[in-house]
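A.B. asks: fold the stuff below for me.
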Amino acid sequence: MERDEDRLTRIRHALDAQSLDAVVCTLPANVRMTTGYWPVIGNAVAVATSEGAVGLLAPEDEVEVASNSWADVFEPFTGGSLHTLASTADILRPLLAQLFTSAGVRRGASIGFEGAGSFDPSSYASMFVYGAGLPELLHSAAAGASFTDATECLLRLRSVLTACELGVLRKACRIARSAFVSTASDIHAGMREFEIATLLRGRLAASDEGARCDGFAYCMSGPNSARAYSAFQRSTSRAIDKGDSVLLHCNSFCEGLWTDITRTFSVGSPDPRQRAIHEAVLIAGQRANAAIRPGVRACAVDESARAVLQSYGFGDAFKHATGHGVGFSAIDHHAPPRIHPLSNELLEAGMVFNVEPAAYLPETRGVRHCDMVVVTEAGAEMLTAFQATLEDLIL
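C.D. replies: You can find the predicted model right below:
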């Protein structure tokens, strides 16, 4: 993978600002950010220093992907053996001590680490998490060092993408666009929610972009779509009826960067009430996008969308914030920038987030239109410019 010098410069500046000599990352999203390599099962460890050096420990089974990182020092390790019952920490302790030395982390250094809980997108069915064992491992591998919780520093670093990272994310959005368009043409009355979700996910994984691509897809129809504001989505065996709203949601990935996209289709011509909901949601998204530019407060973007839904009489039906950071994150509603009524965060060029105005009418239907945008000096650049009108969404 091409070495992302912009990312490494940002890491160095962030460490200097926090008076840190190095930062240790174990969450796959943070390892991806610091090394360009996205771990599969989560037991890799990355070290980035304020001098610009990058070190990486990765399991032997992942050498094929890990060897494409831009780490200056790379050491594979054996995760398990028939000859020992050693834990991952036992295996890594001497290797991590050597990695610190090879990366130039001196004795007595100030080292940041992931000290607080956070969401991290899943790259496999089961993920290893160091959790409370990480501080003990670090103390034993770096005698005399001091350790600082760098969670907030890492979150801020992840909130602004580099040109290289945006290139990968645009590829992810192209793949998702193709999957949504082809899946929409196959939706018809009588299909079950899980069948539609399965179609979409299969087309994400079948991309011919030549990258590590896949994702998660969920379909909620009719009254089920009215519950799509929940913390998680769920596809059921409900059969689609004529006149239903069909809410199709996707979190897909390409090379470790994620999308967050939702489209709500109407099976057949919508009635006046359904048309009004769609119109309100689509206009709310347009108003929010028009408000986006560097220096604008995140709450102002949320207010632009919320005011439209209130004017249509759907203010109470918009039950969540307008958006949150996307890219290294997928469904983390705390990922900056939080496009929330109470968020005073200032938008910066390079920030990527979703804009997802919605209206959920109990026991009836839900309509959400979730796009992804990147903040530029000229305003918002739409990354998911497809199926953008009601006509596009009528099946």
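
A.B. asks: and the residue located most distally from the centre of the chain, what is it in contact with?
C.D. replies: Computed with C-alpha atoms, centre = their mean, the residue of the chain farthest from its C-alpha average is residue 83, at 39.0 Å. Shown in contact with residue 83 (C-beta atoms under 8 Å, 6 or more residues apart in numbering): no residues. Just so you know, the C-beta spots here come from the backbone N, C-alpha and C atoms, and that holds for glycine as well.

A.B. asks: state the distance from it to residue 350.
C.D. replies: For residue 83, the distance to residue 350 equals 48 Å [C-beta to C-beta, to the nearest Å].

A.B. asks: what's the answer for residue 107, then?
C.D. replies: 36 Å.

A.B. asks: what sits against residue 220?
C.D. replies: 193, 227, 228, 233, 234, 235, 236, 246, 247, 249, 366.

A.B. asks: err, residue 357, not the other one
C.D. replies: With C-beta under 8 Å, 6+ apart, residue 357 has these contacts: 281, 284, 285, 288, 305, 306, 308, 309, 318, 322, 368, 369.

A.B. asks: now with 7 Å?
C.D. replies: By C-beta atoms under 7 Å, 6 or more residues apart in numbering, the residues touching residue 357 are 281, 284, 285, 288, 305, 309, 318, 322, 369.

A.B. asks: the last one: neighbouring residues, count only.
C.D. replies: Residue crowding around residue 369 was assessed by other C-beta atoms under 10 Å; the count is 23.

A.B. asks: wait, it sits on residue 286?
C.D. replies: No: Residue 369 is not in contact with residue 286 according to C-beta atoms under 7 Å; the separation is 9.9 Å.

A.B. asks: which of the contacts of residue 220 fall in helices?
C.D. replies: If you go by DSSP state H, those have residue 193 in helices.

A.B. asks: burial of the nearest residue to residue 150 once chain neighbours are set aside, as a residue count?
C.D. replies: Of all residues not flanking residue 150 in the chain, residue 112 sits nearest, at 2.9 Å (C-beta to C-beta, 6 or more residues apart in numbering). Using other C-beta under 10 Å, residue 112 is surrounded by 24 other residues.

A.B. asks: so is residue 112 in a helix, a strand, or just coil?
C.D. replies: With DSSP: H, G, I helix; E, B strand; the rest coil as the basis, residue 112 sits in strand.

A.B. asks: contacting residues for it?
C.D. replies: By C-beta under 7 Å, 6+ apart, the contact list for residue 112 reads 18, 20, 23, 148, 150, 153.

A.B. asks: that older thread, of residue 107 and residue 350, who's got more company?
C.D. replies: Taking neighbours as other C-beta under 10 Å, residue 107 and residue 350 compare with residue 350 leading, 20 against 10.

A.B. asks: tell me who's in contact with that one.
C.D. replies: 160, 161, 374, 375.

A.B. asks: how about those residues in JSON lines, adding distance to residue 359 and secondary structure?
C.D. replies: Shown next, in JSON lines, are the contacts of residue 350 (distance: C-beta to C-beta, whole Å; DSSP: H, G, I helix; E, B strand; the rest coil):
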{"residue": "160", "distance to residue 359": "31", "secondary structure": "strand"}
{"residue": "161", "distance to residue 359": "30", "secondary structure": "coil"}
{"residue": "374", "distance to residue 359": "26", "secondary structure": "strand"}
{"residue": "375", "distance to residue 359": "26", "secondary structure": "strand"}
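
A.B. asks: out of these, which is nearest to residue 337?
C.D. replies: Closest to residue 337 out of the contacts of residue 350 is residue 375 (8.5 Å), distances taken as C-beta to C-beta.

A.B. asks: return the backbone torsion pair for the closest residue to that closest one other than its chain neighbours.
C.D. replies: With sequence-adjacent residues excluded and distances taken as C-beta to C-beta, 6+ apart, residue 375 is closest to residue 351, at 4.6 Å. Backbone torsions of residue 351, given as degrees, to the nearest 10, read phi -70, psi 140.

A.B. asks: and if you look at the one 3 residues further on?
C.D. replies: The phi and psi values for residue 354, taken as degrees, to the nearest 10, are phi -100, psi 160.

A.B. asks: ok, residues contacting stretch 291-306?
C.D. replies: Outside stretch 291-306, the residues that touch it by C-beta under 7 Å, 6+ apart are 284-285, 287-288, 315, 318, 321-322, 337-349, 357, 373, 375, 377, 379-380.

A.B. asks: among those, the buried ones, what's the ChimeraX command?
C.D. replies: Selection of buried members from the contacts of stretch 291-306 for ChimeraX, criterion 16 or more other C-beta atoms under 10 Å:
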select :284,285,287,288,318,321,322,337,338,339,340,343,345,347,357,373,375,380
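
A.B. asks: in helices, which of the contacts of stretch 291-306 fall?
C.D. replies: 284, 285, 287, 288.

A.B. asks: please report how far residue 42 lies from residue 251.
C.D. replies: Noted for residue 42: a distance of 18 Å to residue 251, by C-beta to C-beta.

A.B. asks: just want to know which of these two has more residues nearby.
C.D. replies: Neighbours were counted for residue 42 and for residue 251 using other C-beta under 10 Å; residue 251 has more, 22 against 19.

A.B. asks: tell me the contacts of that one?
C.D. replies: Residue 251 makes contact with 215, 216, 258, 259, 260, 330, 331, according to C-beta under 7 Å, 6+ apart.

A.B. asks: can I get stretch 265-283 in CSV, CA atoms only?
C.D. replies: Extracted in CSV, the C-alpha atoms of stretch 265-283 (Å, rounded to 0.1, in the frame of the first residue of the first chain):
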residue,chain,number,x,y,z
PHE,A,265,-38.2,2.6,-1.6
SER,A,266,-41.9,2.6,-2.3
VAL,A,267,-43.4,-0.5,-3.8
GLY,A,268,-45.8,1.0,-6.3
SER,A,269,-46.9,4.6,-6.4
PRO,A,270,-46.9,6.2,-3.0
ASP,A,271,-50.2,7.6,-1.5
PRO,A,272,-50.3,11.3,-0.7
ARG,A,273,-49.2,10.8,2.9
GLN,A,274,-46.3,8.6,1.9
ARG,A,275,-45.3,11.0,-0.7
ALA,A,276,-45.2,13.9,1.8
ILE,A,277,-42.9,11.9,4.2
HIS,A,278,-40.5,11.1,1.3
GLU,A,279,-40.5,14.7,0.2
ALA,A,280,-39.9,16.1,3.7
VAL,A,281,-37.0,13.7,4.3
LEU,A,282,-35.3,14.4,0.9
ILE,A,283,-35.6,18.1,1.3
